[in-house]
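Q: Let's see this in three dimensions:
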Amino acid sequence: MTDSPDSHSPRQTLSSPESYPSGHHLDELRGRLARPLTHPDFETLQSWGSQVVHWVFRHYQTLPEQPIGRSAGRPDLDKLLNEPPPEQGSPFTEVLAQFETAIAPYAVRVNHPRFMAFIPGAPTFVSVLGDWLCAGTNFFAGVWLEAAGPTEVELVVLDWFKQIIGFPGGAAGILTGGGSEATLTALLVARERLSFEERSRAVLYVTDLRHWSVDRAAKIIGLRKEQIRAVPTGDDYRVDPETLAAMFAWDRAMGLHPWAFVANAGATNSGVVDPLADLAQLCRAENVWLHVDAAYGWSAVLTPAGRVQFAGIAEADSITLDPHKWFAQTFEAGCLLVRDGGLLTETFAIRPDYMQDVTPGEDEINFCDQGIALTRRFRALKIWLSVKVLGVGWYRALVERCCALAELAADLLRDAGAFESLHPPQLSIVCFRYVRRSAGTDQPASLAELNRLNLALVERLRETGRAFLSSTQLRGRVALRFCFVNWRTTASDVEAIVRLLVELGSGLGEPGA
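A: Residues are numbered from 1 along each chain as shown. Next up, the predicted model:
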């Protein structure tokens, strides 16, 4: 038995000679530490891995026939899952069965062919395989010294994105966890060129259809609410450069400092793309940083029509891209591109003593010096693998297919006679609402009635488990949305959803509905 420490004995540390282990104690330590910690052997791990592979492939193969998924209240899920941390482990097969019965059913299949809400995530299975390789190797992708190969792959992927967008070769970038992190990183880089006095007067301009992550990023970097200006959009939901120029002039006259503007290139609400070329020209003339939120829409640049629609994006100072949206990658995969590549390192590089060994060479990159995270997974692997295996042409076909599905949906909604288009299809997004007369009259239902009806309709649709749409608001009108990014979705899926909406809509408001 080991004696208890005596509170009156002098404290010993490994820095004092008398604290060094004796030869006998060293032998005991060597014996105790001669082998790794007990862990399942290779044959057992192979068996468990085979069970996981079987589950994933079965899930993948049967996805179109599965229900979309369901939710549950916290008390119900607590009954299924809440427990103290177990001291002893359980058989893997039992734990996997618990995942299958108590976790997986309560998650919506966002890659389901009839999930068209928000901006879905529908990865190619090649991306899944890349994520498996990433997790299995667990390579650290923060510094060149430890990750020369992974870093080079990320640089290659970023070069691919720059070439697709038309960004200059001297631009730099970084893969992030998603668009929110990319936009936050962009605003931090843009703020770096402001003096502390200017920061208190700086104004950030955003569209009234911006993604909420822009506001959150502004809050994180310390902007006050009055430092954020919402630029009203026109009837086409796009920013008018003349309106923005007038706001710049007004704020300068008030002693403020117009600093940055975030434009949409595929707005989440409606899919619209702001007039990027005109906005880039204005922002350059006014010395205002132009950030383009292209998280959803950027893949459209692969197509001839998209290149016309996105003209001017290459003139931006920074761009947010999300490969886990319309580029068929698994979560998480975001990206930031910055025109002046050196600004990333100027903003984030810090070299503490414990990192003195990882100073990169002249032609090397530490991605931990270019963004928020120090510890980074090898996110680029799944993107690199997907593009290498499928080719850029596959992604171009994906974009063209999704835009065609949007056209089909708009035509089917029009022909059904029960819907109103709230905006012409933009990219692969369709905004519409269900309409009907007020009960017992020939008068159109009021705005409030239509809003309630459409919110009820989208909820009723989700309850069926057969399809999943989401709603938004355009000029105070509740709109239902189709958003097509899924390579699995077919014409029959769209037709089935439109028929289902008609059926459910006709029953709403009836007795017992």
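Q: Where do the helices of the stretch 201-350 of the chain begin and end?
A: 212-220, 241-253, 276-286, 304-309, 323-326, 342-348 (DSSP state H, counting those that start in this stretch).
Q: Make TSV out of these and add mean pLDDT and mean neighbour count.
A: The C-beta positions use only the backbone N, C-alpha and C, and glycine is treated the same way. Listed next are the helices of the stretch 201-350 of the chain as TSV, based on pLDDT from 0 to 100; neighbours: other Cβ atoms under 10 Å:
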stretch	mean pLDDT	mean neighbour count
helix 212-220	96	17
helix 241-253	98	15
helix 276-286	98	18
helix 304-309	98	14
helix 323-326	98	29
helix 342-348	96	18
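Q: Out of those helices, which gets nearest to Arg414?
A: helix 304-309 (21.3 Å; Cβ to Cβ).
Q: which residues sit against the closest one?
A: Val273, Ser299, Ala300, Val301, Val399, Cys403, Leu427 (Cβ atoms under 8 Å, 6 or more residues apart in numbering).
Q: can you give me the end-to-end distance of stretch 127-147?
A: Stretch 127-147 stretches 20 Å from its first residue to its last (Cα to Cα, to the nearest Å).
Q: now that stretch, how far from the centre of its chain.
A: With Cα atoms, centre = their mean, to the nearest Å as the basis, stretch 127-147 stands 19 Å off its chain's centre.
Q: quick one: average confidence on it?
A: Mean pLDDT, computed over stretch 127-147, is 97.
Q: For it, buried residues please.
A: By neighbour count on 16 or more other Cβ atoms under 10 Å, the buried set for stretch 127-147 is 127-132, 134, 139-145, 147.
Q: Could you name the helices and strands sitting against the host helix or strand of Pro75?
A: Pro75 belongs to helix 74-81 when assigned by DSSP states H and E. The helices and strands touching helix 74-81, judged by 3 or more Cβ pairs under 8 Å, 6 or more residues apart in numbering; DSSP states H and E, number zero.
Q: follow-up on the earlier one: nearest to Trp55, out of the helices of the stretch 201-350 of the chain?
A: Taking those one by one with Cβ to Cβ, helix 323-326 is closest: 22.0 Å.
Q: now for the closest one, which elements pack on it?
A: Using 3+ Cβ pairs under 8 Å, 6+ apart, helix 323-326 sits against strand 334-338, helix 392-416.
Q: make it 10 Å
A: Packed against helix 323-326 by the contact rule (3 or more Cβ pairs under 10 Å, 6 or more residues apart in numbering; DSSP states H and E) you find strand 334-338, helix 380-390, helix 392-416.
Q: Looking at the helices of the stretch 201-350 of the chain, spot the one closest to Gly417.
A: Short answer: helix 304-309, nearest of the helices of the stretch 201-350 of the chain by Cβ to Cβ, at 29.2 Å.
Q: Work out the gap between the closest one and the centre of the chain.
A: The answer for helix 304-309 is 23 Å, by Cα atoms, centre = their mean.
Q: the bottom helix or strand of the chain by mean pLDDT?
A: Least confident element among the helices and strands of the chain, by mean pLDDT, DSSP states H and E: helix 23-32 (a mean of 91).
Q: Now whichever helix or strand comes after that helix: buried residues?
A: Remark: after helix 23-32, the chain's next helix or strand is helix 42-62, criterion DSSP H and E. Buried residues in helix 42-62, counted by 16+ other Cβ under 10 Å: Trp48.
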